[in-house]
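K.L.:
quick one: sequence and predicted model below, then my questions.
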Amino acid sequence: MKKIQIITLFPDMFMGVLNSSMLWKAQKENLVEFNIINLRDFGLGPRRQVDDAPYGGGDGMLLKPEPLFAAVENTKKADRTAKVILMTPRGQLWQQAAARNWASKDRGYIFICGHYEGYDERIVDVVDEQISVGNYILTGGELPAMTVIDSIVRLIPGVLGGQTSAEIESFSDSKTLEFPQYTRPKKFNGLKVPKILLSGNHADIDEWRKDHSFQAKD
């Protein structure tokens, strides 16, 4: 069973996502275990402080190192070999090949979700890898973490319905997007399903799908 742990200031954000669709199925089938850690539990003082103003001035607040270090240390007690991931815009851009690789590894992952204007740089000392989901800024690392987690879990054998579902779909070769698909009815609002898909000739259908696959933009 793959263990995925998430350090966040907003644990409630994950409840609906992790308990729905394929992520729920993965837990039900004992293929993955999720553990959500509230960073506030490791805050300092009676007010559980987790942030402070940056040295040198500037807008916003930074996540303090003490709560993050303590949260990672405590979380690792449940999985000593877990890889610690920091979600940050400056990280390595997430790719399908990485999702496939991480899904195949017999190890767990700890995701740190940053917030506010950033984090004290010293936190990278306990981070194994920094990951970005795109060249844009969000208010926190929660949504990117959900994206990465979903892309990993769905590739764990037994999560998706068909044996080859994850192998033949979008980005399997990192350049080709999925081909157009159709289902019943054969005709809707004057729009018809391509005849080739109704022919039963699987070789011709495969060729049609290859010819009509969209190409990823560079």
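P.N.:
Now that the structure is in, tell me what you want to look at.
K.L.:
lowest-confidence helix or strand of the chain?
P.N.:
Every helix and strand in the chain was compared by mean pLDDT, DSSP states H and E; the lowest is helix 165-168, with a mean of 56.
K.L.:
the first helix or strand past that one going along the chain - what's its average pLDDT?
P.N.:
For helix 165-168, the following helix or strand on the C-terminal side (DSSP states H and E) is strand 187-188. Across strand 187-188, pLDDT averages out at 96.
K.L.:
who touches strand 187-188?
P.N.:
Here strand 187-188 makes contact (Cβ atoms under 8 Å, 6 or more residues apart in numbering) with residue 193. (Glycine included, C-beta is placed from N, CA and C.)
K.L.:
so what strands line up beside that strand?
P.N.:
strand 191-192 (antiparallel) (DSSP bridges).
K.L.:
return the set of buried residues in the helix or strand that the partner strand is followed by.
P.N.:
On the C-terminal side of strand 191-192, the closest following helix or strand by DSSP H and E is helix 202-211. Neighbour-count burial for helix 202-211, counted by 16 or more other Cβ atoms under 10 Å, picks out 205, 208, 209.
K.L.:
just want the most central residue of the chain.
P.N.:
The centroid of the chain falls nearest to residue 148 when counting by Cα atoms, centre = their mean (1.2 Å).
K.L.:
now do the buried residues in the lengthiest strand in the chain.
P.N.:
Secondary structure of the chain per DSSP state E: the longest strand is strand 83-93. Within strand 83-93, the residues scored as buried using 16+ other Cβ under 10 Å are 84, 85, 86, 87, 88, 89, 91.
K.L.:
from those residues, which single one is nearest residue 102?
P.N.:
residue 85 (9.3 Å; Cβ to Cβ).
K.L.:
OK, contacts around the closest one?
P.N.:
Residues in contact with residue 85 (Cβ under 8 Å, 6+ apart) are 109, 110, 111, 112, 127, 128, 129, 130, 131, 145, 148.
K.L.:
can you tell me how far it is from residue 112?
P.N.:
7 Å (Cβ to Cβ, to the nearest Å).
K.L.:
look up phi and psi at residue 143.
P.N.:
Note on residue 143: its backbone torsions stand at phi -60, psi -40 [degrees, to the nearest 10].
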